[in-house]
Structures are given as C-alpha cells and as structure tokens.
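Student: After the sequence you'll find the predicted model.
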Amino acid sequence: SAASDVYKRQDMTWQERINGDPQTWLLDPESPGVRYLAMRDLLDCADDDPEFGTAREAAHTEGPIARILDEMEAEGFWARPGSGYNPKYRATVWSLIMLAQMGAIAGEDERIERACAYLLEHGLSGGGQFTATGAPSGTVDCLQGNLCWTFLELGYDDPRLEEAFEWMARTVTGEGLAPNSERQAPVRYYAGQCGPNFACGSNNKLPCAWGGVKVMLAFSKLPPDRRTPLVERAIMQGVEFLFSVDPAEATYPCGWNDKPSRNWWKFGFPVFYVTDLLQNVDALAGLGYGRDPRLANALEVIREKQDEQGRWSLDYNYHGKTWVDTGEKRKPDKWVTLRALRVLKSALQEH
C-alpha cells in the first residue's frame, strides 16, 4: 500500500513528512500555552533553558492554564466538592485532565498540587479505583486511565498511585479479580469495568477500545523502572488488543453499533473519554511501537489530514462546556496540530 511505502522510507525524518512550517505558527508568543508545549515537545528544549523557562511561566500565568486555575475553589476542587466527576466537563476530574493536556506542572503553581491532593483524597478508593461516585463500583477504564496519566503528566507523584496502576493492570489481565457477579468477593469487577481486556458495561460488556487507549496511554507514561511484572503483562495484552485490528480502520468491538464511531477520525482538543486515532497512535508509539508496520496505515491517515501548511483542523471540541474554549471547528487549530506533530515525532523519530 501507499502507506507501507511511506513507512518504509526510513531515510525520511518526521519533519520531512509535514507540509510547510507549522512549528513557526505554534511558537507564536500570542499563544503562550501552545508555544510552551511546542518548545518542550517538538524542539526538546532543556528545562534550564532561560527562554523555555520564560515560556513555561507565561503558559501558567497568561494562558488557558491560568484561567482554569482561577476557577478552582480554595479547597482544591472545581464546580462541586466530592469525587469530581460531575458536572461534566467543569468538575475536578475534567479540569485536571484538561490542565495536564495543556502542559500544566504541579511545581509551577501550588494550586495544582492542592487540586491533585484533593482528588486523590475524594476520588480514589481504597482499592486503587479512581471513581466517579466515591465508591469502588464507580470505576471505569477511561476514567482510570485518564487520571493515572493525568497525575504523572502533572508531575504529582504519590504512593497511592501505585495501587491505582496495580488495579488498572489487574483489570486488563484479570489476575486476582472475581467476576462482578460475586458480590461478596473482596476484589472483583463491577458493572462499569465488568471484565478483563477492557470489557465495559457502557460497551454492552464488550472490550472498549476507548478505555483501552486511555489505559495504555497511562502505562506509556509510567517509567519502565516502575513497571511491575503485572503491569508488563497488562501492557502486552493491551498492545495485542489495540493491534487486533488495523488502528486506521478502528473496527474494535462495538456494543451498540454496527460500525466504529466516527469520532476515531475526528481530531479534537481537549480529549476526555471520547478518543481518536491520534491518541491511539500516541499510546502505541509511547510504548515503543511507533515503527511497527501495523501503524503504517494509521500514520498515513494522520498525515493526510494536514493542510498545505502542515496544520490540522479542529474536528471535535467541548465548546461552551469547559472553563475555556480553545478553538473553532473546521478551522486550523494549534492544539490539534501540536497533538498531530507530537504523535508523528514520537512514532517516527529515531530513538
């Protein structure tokens, strides 16, 4: 296929696969949040680089990060106290996920640390489940993966996260978990996270690739020296699942539909429980599979969505639902372009 031919061109850098010069557009100081992440993730600026330090500070004090933090209550929550899932998409869970996707760092603002501490106290159950309700039964893969990733991305480490990652790994492999029908079992599946291999009640009890992508993205963020044998087994099983179909076609199990959700091919920002092809490739590349031939078609789909100037449009957003709006649909978007370039770089650069 044409995709395979492009993939085999090992002499091409990731930059050579992009039209125009979108990096200059992303580095415009008028978009401090995007500029900071472009410097960090595309230019690989060192933490002690003075210009990068200035950009990082500006992102936290002038951009959308600052606006989201200004909406936080003094105790460390957004919108409503408690486990932080409702109301969508302004409560604590969604605000922290959005902050992490914007590159917020706990060390840059004490309020981020306060919010992380609050959510761990109110949204993480004793068994390691991040929960929408406060009880272990409120766990589900997309939430668990999103929040495990978010805490690592925010740079907020806590010993309780080890339990969260262990629970997440067990839900993938099924090790040590009773079926959700055994309600007296001390460690079991629940109605939402109802079985191994990303089985989800919201997907008619079939494996949910949206949840699987979130879980694998979180595992990709976990440093290799912190991956237990259980986590390694879960990663191998998850990779096998995500590669069980061509990611470009996304024909994963659909509990309620005959065809895959069109959202797989709608690139958006921010990304919550809905996922897209970019995030799937991001997870697989982050786990070391960027050069795997099974990603060739997906990488080609991503490349084909850029315009003549190497920009990607916003296909999916949460306009009016989050604390800040980030772009207009069907127009070239800096956040989506940043996501796409970051994924291509991760998948295609020489390691």
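Tutor: Looks like it arrived, so ask away.
Student: can you map out the strands along the stretch 101-250 of the chain?
Tutor: 193-195, 199-200, 206-207 (DSSP state E, counting those that start in this stretch).
Student: Distance from the last one to the middle of the chain?
Tutor: Right, the one you point to is strand 206-207. Relative to its chain's centre, strand 206-207 lies at 20 Å (CA atoms, centre = their mean, to the nearest Å).
Student: sorry, back to before: of all the strands of the stretch 101-250 of the chain, which lies closest to W335?
Tutor: strand 199-200 (27.5 Å; CB to CB). In this view, the C-beta of every residue, glycine as well, is placed from N, C-alpha and C.
Student: Include distance to W335 and mean pLDDT when you put the strands of the stretch 101-250 of the chain into a markdown table, please.
Tutor: As requested, the strands of the stretch 101-250 of the chain are arranged in a markdown table below (distance: least, CB to CB, whole Å; pLDDT from 0 to 100):
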| stretch | distance to W335 | mean pLDDT |
| --- | --- | --- |
| strand 193-195 | 30 | 96 |
| strand 199-200 | 28 | 97 |
| strand 206-207 | 29 | 98 |
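Student: just so I know, which of the ones you listed lies nearest L314?
Tutor: Here strand 199-200 is closest among those (CB to CB), at 27.3 Å.
Student: contacts for that closest one?
Tutor: Counting by CB atoms under 8 Å, 6 or more residues apart in numbering, strand 199-200 makes contact with V140, D141, Y189, G192, Q193, C194, K205, L206, P207, C208, G211, G255, all of which sit outside it.
Student: repeat for stretch 284-303
Tutor: Outside stretch 284-303, the residues touching it (CB under 8 Å, 6+ apart) are 1-4, 6-7, 17-18, 216-217, 219-221, 235, 239, 242-243, 246-249, 265, 277-278, 280-281, 340, 343-344, 346-348.
Student: Turn the strands of the stretch 101-250 of the chain into JSON lines, columns for distance to E30 and mean neighbour count.
Tutor: JSON lines is the format used below for the strands of the stretch 101-250 of the chain (distance: least, CB to CB, whole Å; neighbours: other CB atoms under 10 Å):
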{"stretch": "strand 193-195", "distance to E30": "43", "mean neighbour count": "23"}
{"stretch": "strand 199-200", "distance to E30": "41", "mean neighbour count": "24"}
{"stretch": "strand 206-207", "distance to E30": "43", "mean neighbour count": "20"}
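Student: Just send the ones you listed back as CSV, with distance to T131 too.
Tutor: What follows is the strands of the stretch 101-250 of the chain, written out as CSV (distance: least, CB to CB, whole Å):
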stretch, distance to T131
strand 193-195, 10
strand 199-200, 15
strand 206-207, 21
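Student: L27: which of the contacts of strand 199-200 is nearest?
Tutor: For the contacts of strand 199-200, the minimum distance to L27 (CB to CB) is 34.8 Å, reached by G211.
Student: How about the contacts made by that closest one?
Tutor: V140, D141, C142, G145, F198, C200, N203, Y273.
Student: got CSV for the contacts of strand 199-200, with distance to T171 too?
Tutor: Formatted as CSV, those follow (distance: CB to CB, whole Å):
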residue, distance to T171
V140, 10
D141, 7
Y189, 7
G192, 10
Q193, 5
C194, 10
K205, 14
L206, 15
P207, 11
C208, 12
G211, 9
G255, 17
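Student: quick one: W256 from L242, how far?
Tutor: Distance, W256 to L242, using CB to CB, to the nearest Å: 21 Å.
Student: So for those two, which residue has more residues nearby?
Tutor: L242 (25 against 8; other CB atoms under 10 Å).
Student: Isn't that one up against V281?
Tutor: No. Counting by CB atoms under 8 Å, L242 stays clear of V281, with 9.6 Å between them.
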